[in-house]
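Asker: Below is the structure, and that's it, no one-letter string:
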């Protein structure tokens with residue numbers, strides 16, 4: 001069984017009590033076709049945005065029910081035959097999808113908000129940030145020192161080059 005919603009507008013030529021009677025009659029149409037009424041609203045008088053069958057107002061009613069899809073045509077026909085209903089439409093009510101929780105950023109504790117500056121600096125979040133940022137700085141400094149050392153080791157004096165040339169050319 002699917003959940004459906006029928007919305008219809010009853011002519012304003014009848015009284016409010018008669019409109020409620022029409023709503024009960026529509027509910028009985030659904031129950032005759034083996035439908036289950038889930039929610040029913042009382043007819044409320046509304047002014048229409050544009051005239052429907054030369055009527056500027058009407059009693060607006062919504063009925064939520066469950067029924068087999070095969071029975072839907074019979075319900076729609078019975079409502080359409082009723083001359084006091086200006087317009088109706090039936091929609092399928094899909095169950096609302098459960099939304100995923102949105103991700104939010106957690107705020108880091110600010111140093112000013114802590115009363116003791118030492119306790120703020122020793123929090124685990126700040127300690128982990130110190131390790132990541134300061135370890136990168138140290139590693140960069142160490143890399144620079146190592147490259148300078150290798151450059152100094154690779155520097156060859158002119159005397160050594162001349163001696164090597166003489167060895168190679170002399171032989």
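Answerer: Thanks, I have it. Computed from a prediction, not measured in an experiment: that's the story for all the values here.
Asker: What lies in contact with stretch 67-79?
Answerer: 1-2, 4, 6, 8, 26, 29-30, 33-36, 85, 88, 90 (CB atoms under 8 Å, 6 or more residues apart in numbering). Every C-beta, even on glycine, is put in place using the N, C-alpha and C of the backbone.
Asker: Quick one: mean pLDDT for it?
Answerer: Regarding stretch 67-79, the rounded mean pLDDT is 89.
Asker: in the longest strand that the chain contains, what counts as buried?
Answerer: Secondary structure of the chain per DSSP state E: the longest strand is strand 55-67. Within strand 55-67, the residues that count as buried by 16 or more other CB atoms under 10 Å are 58, 59, 60, 61, 63, 64, 65, 67.
Asker: closest to residue 125 among those residues?
Answerer: residue 64 (50.0 Å; CB to CB).
Asker: Check that closest one and give its pLDDT.
Answerer: 92.
Asker: thinking it is in contact with residue 35, fair?
Answerer: No - counting by CB atoms under 8 Å, residue 64 does not reach residue 35; the two are 10.4 Å apart.
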